[in-house]
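1. build the 3D model from these lines:
(one chain, ligands or ions: 1)
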Amino acid sequence: MTLRARDRFVIPEETASVAQEAFPKGNIYMTMSDKLNIWYQDSDFASLFAPHQGRPAESPGRLALITVMQYAEGLSDRQAAEAVRARIDWKYALGLELIDSGFDFSVLSEFRDRVIAGGAEQQLLDDMLKQFKGLGLLKARGRQRTDSTHVLAAIRKLNRLECVGETLRAALNTLAAVVPEWLLEQVTPDWFDRYGKRFEQYRLPKGKAERERLADTIGADGYQLLSAIDADSAPGWLREVPAVEILRQVWAQQYYVQDDQVKWRAVEDLPPNKLLIQLPYDAEARNRTKRSLNWTGYAAHLTETCDEETPNLITHVETTPATTGDVEMTDTIHAALAEKDLLPDEHFVDTAYVAAEQLVTSRTDYKLDLVGPAPADSSWQARSKSGFDISCFGVDWEAQTVTCPEGQLSKSWRPREDAGGREFIEVHFDPHDCHACTSRPQCTRAKGHPRTVKLKPRSQYVALQTARQRQETSEFKERYKTRAGIEGTISQGVRSFDLRRSRYIGLPKTHLQPVVTAAAINLTRTVAWLEGTPKAQTRLSRFAALAPST
Ligand code: SF4
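-> Here you go, the predicted model:
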């Protein structure tokens, strides 16, 4: 294998002439090599290799490019290693001699492990983006759009009984490897019957009472093991074994002890899904229900450019546990784009990414317009359509007063904080005014109390009201159509790159998959753009095309 650290790949003459003969019109990798000159610097990945180990046997820059090419074609590690060894177009793109014998396929998974351990996964996309910028294919301050999709964990979903059983089995398997003699002293023969095989291979009881009895038995076994681990006689380091730590967390979530009896928690006593461990082998995966979809795993957020004059390129990828709300990612995405000097002027998102706070920070911190439907007012007054919702009240921020639809002035104005530390202003009206008011049924249902209004801080209040008014205009509706294109990108990621099914276990490894997928999509799109292939348009059915324009 002749992969060696170097600044860029030089195509050997013999490789070039054979490739040009084999592909007289070129192919994706030859265009990539000739027109884009996509390559990664070995020096960018040098920190992943310990200095005392000397120079890595293979060029890290080439391995990074091979990883992207592997994703672009959906190849396994073995197939990718075979492509390096046998395919002329790959040798051309990688600048390898025809006789180069390649490397063992395990090198690719070792490289990925190093990338993840070194936190360098984002670099596989960001280095490519820098080159696109240099070529004028990508610029800041245009238009971008973001959407998210679910990503299933690599491990199948477990029910509660399977989860506790597998959690204890995973801890026993780990301890059996590191302290076999110690473990044998802690368990009785019936444990081998209960935890010898995967729980899915057992016929678990169907009746509720029997299932609860088995769950209690597993719970008591788990507590017995944890007590033995916590005893002074046990090696202290056992408490830090990751499988033991997960056992401890799962037991705290699923069980409680009452009168020295281990009890399985009722479903309503479980922690929220944001905290609840679902899979002992992938403890960061979370379960979420979104509309009609329920999944256990993660969510991937893709952001791409959508300007007419350049190809649509993915500029950023975030991966989160499934339960992380989209709105929690809005500022994170903006901060990451600012770091890359790729902030847009307009950022199109769906309503899940929009909240009053994000509307303000987008303007003040990132100087961009967050274009998406603001969340609707969920008060009963707004939902009834005829009630006095917040938009019916006039606010005088200087005088710190609010005027109600009946023209009455508020009596008090108190700045407060909610349990999450968010500021708001609580405004009360005079009880005398409200009790005598004929519009009271439209205004408040609080028996015997006057109307209270909660206001967000001024900047957020104004931003939210302005956004709600703007989204009713036809100009906004026309402009907002731009957002829909991101669904085509997610569809491409799902159909061509299996984006919704994690290949790996754990959040850091799962994140690598959408990042490399994004790099592969960028690569194929840019080559298509350079070859003059028009951008794909959103498909319209024949019937939908007949609809009269409004
Ligand atoms: S109930 Fe009170 S706040 Fe509401 S409209 Fe009547 S006077 Fe105004």
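
2. and the stretch 451-550 of the chain, which residues reach the ligand?
-> Proximity of the stretch 451-550 of the chain to the ligand (CB under 6 Å from any ligand atom) is limited to residues residue 451. For the C-beta atoms, the positions are set from N, CA and C on the backbone; glycine is no exception.

3. which of the residues in stretch 449-459 are buried?
-> Within stretch 449-459, the residues that count as buried by 16 or more other CB atoms under 10 Å are 450-451, 453, 455-457.

4. I meant stretch 368-377, not that one.
-> So for stretch 368-377, counting by 16+ other CB under 10 Å, buried means 368-374.

5. next one: stretch 120-130
-> By 16+ other CB under 10 Å, the buried positions in stretch 120-130 come out as 120-129.

6. stretch 189-208 too?
-> 191, 194-195, 199, 202.

7. confidence-wise, which of those residues comes last?
-> Across those, the bottom pLDDT score, 77, is held by residue 202.

8. got a list of what the nearest residue to residue 435 once chain neighbours are set aside touches?
-> Among residues not flanking residue 435 along the chain, residue 450 sits closest, at 7.5 Å (CB to CB, 6 or more residues apart in numbering). Shown in contact with residue 450 (CB atoms under 8 Å, 6 or more residues apart in numbering): 411, 428-431, 433-435, 444.

9. just those: which are in helices?
-> 431, 433-435 (DSSP state H).

10. take these and write them to TSV, including neighbour count, distance to residue 23 and pLDDT.
-> Formatted as TSV, the ones in helices among the contacts of residue 450 follow (neighbours: other CB atoms under 10 Å; distance: CB to CB, whole Å; pLDDT from 0 to 100):
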residue	neighbour count	distance to residue 23	pLDDT
431	13	83	95
433	18	82	95
434	23	80	95
435	11	85	93
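
11. hmm, residue 262 is touching residue 227, no?
-> No: judged on CB atoms under 8 Å, residue 262 makes no contact with residue 227 at a distance of 11.2 Å.

12. any shared contact partners between these two?
-> The contact sets of residue 262 and residue 227 do not overlap (CB under 8 Å, 6+ apart).

13. between these two, which is the more surrounded one?
-> residue 262 (19 against 11; other CB atoms under 10 Å).

14. now for the closest residue to the more buried one other than its chain neighbours, how many residues are close by?
-> Spatially, and ignoring its direct neighbours in sequence, residue 262 is nearest to residue 219 (4.1 Å; CB to CB, 6+ apart). For residue 219, the count of nearby residues is 22 (other CB under 10 Å).

15. same thing with residue 79?
-> Residue 79: 12 neighbours (other CB under 10 Å).

16. if we can go back for a sec, would CSV of the buried residues of stretch 368-377 with distance to the ligand and pLDDT be doable?
-> Shown next, in CSV, are these (distance: CB to the nearest ligand atom, whole Å; pLDDT from 0 to 100):
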residue, distance to the ligand, pLDDT
368, 37, 97
369, 34, 96
370, 32, 97
371, 34, 97
372, 32, 96
373, 28, 95
374, 24, 93
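
17. picking that back up, so which of the buried residues of stretch 189-208 belong to helices?
-> Judged by DSSP H, the buried residues of stretch 189-208 include 191, 194-195 as members of helices.

18. possible to save the residues you listed as TSV with distance to the ligand?
-> TSV is the format used below for these (distance: CB to the nearest ligand atom, whole Å):
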residue	distance to the ligand
191	67
194	64
195	64
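
19. export the residues you listed to JSON lines and tack on distance to residue 85?
-> Output for those, formatted as JSON lines (distance: CB to CB, whole Å):
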{"residue": "191", "distance to residue 85": "48"}
{"residue": "194", "distance to residue 85": "48"}
{"residue": "195", "distance to residue 85": "44"}
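
20. out of these, which one sits closest to residue 77?
-> Nearest to residue 77, judged by CB to CB, of these is residue 195 at 32.5 Å.

21. nearest spatial neighbour of the closest one, skipping sequence neighbours?
-> Of all residues not flanking residue 195 in the chain, residue 169 sits nearest, at 4.6 Å (CB to CB, 6+ apart).

22. next one: residue 285
-> Closest residue to residue 285 apart from its sequence neighbours, by CB to CB, 6+ apart: residue 153 at 4.0 Å.

23. please work out which residue of the stretch 451-550 of the chain is closest to the ligand.
-> residue 451 (3.7 Å; CB to the nearest ligand atom).

24. for residue 439, see how far away that residue is.
-> 10 Å (CB to CB, to the nearest Å).

25. ok, residue 425 next?
-> 23 Å.

26. the more surrounded of the two?
-> With neighbours defined as other CB under 10 Å, residue 425 and residue 439 compare such that residue 425 has more, 19 against 14.

27. quick one: contacts for the more buried one?
-> Contacts of residue 425 were listed using CB under 8 Å, 6+ apart, and they are 413-416, 454-457.

28. can I get those in a markdown table with pLDDT and secondary structure?
-> Below are the contacts of residue 425 laid out as a markdown table (pLDDT from 0 to 100; DSSP: H, G, I helix; E, B strand; the rest coil):
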| residue | pLDDT | secondary structure |
| --- | --- | --- |
| 413 | 96 | strand |
| 414 | 96 | strand |
| 415 | 95 | strand |
| 416 | 95 | strand |
| 454 | 95 | strand |
| 455 | 96 | strand |
| 456 | 94 | coil |
| 457 | 95 | coil |
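
29. any chance of CSV for those, columns distance to residue 104?
-> CSV is the format used below for the contacts of residue 425 (distance: CB to CB, whole Å):
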residue, distance to residue 104
413, 71
414, 69
415, 65
416, 63
454, 63
455, 64
456, 59
457, 59
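
30. residues contacting residue 115?
-> 45, 48, 64, 121, 123-124, 512.

31. poorly predicted segments of the chain, please.
-> Along the chain, segments meeting pLDDT under 70 span 1-9, 37-38, 50-57, 534-541, 544-545, 548-550.

32. quick test: name the residue nearest the centre of it.
-> Nearest to the mean C-alpha position of the chain, by CA atoms, centre = their mean, lies residue 319 at 2.4 Å.

33. where exactly do the strands run in the stretch 251-400 of the chain?
-> 255-258, 261-264, 286-290, 293-305, 314-321, 346-348, 369-371, 394-396 (DSSP state E, counting those that start in this stretch).

34. right, I'll call it a day here.
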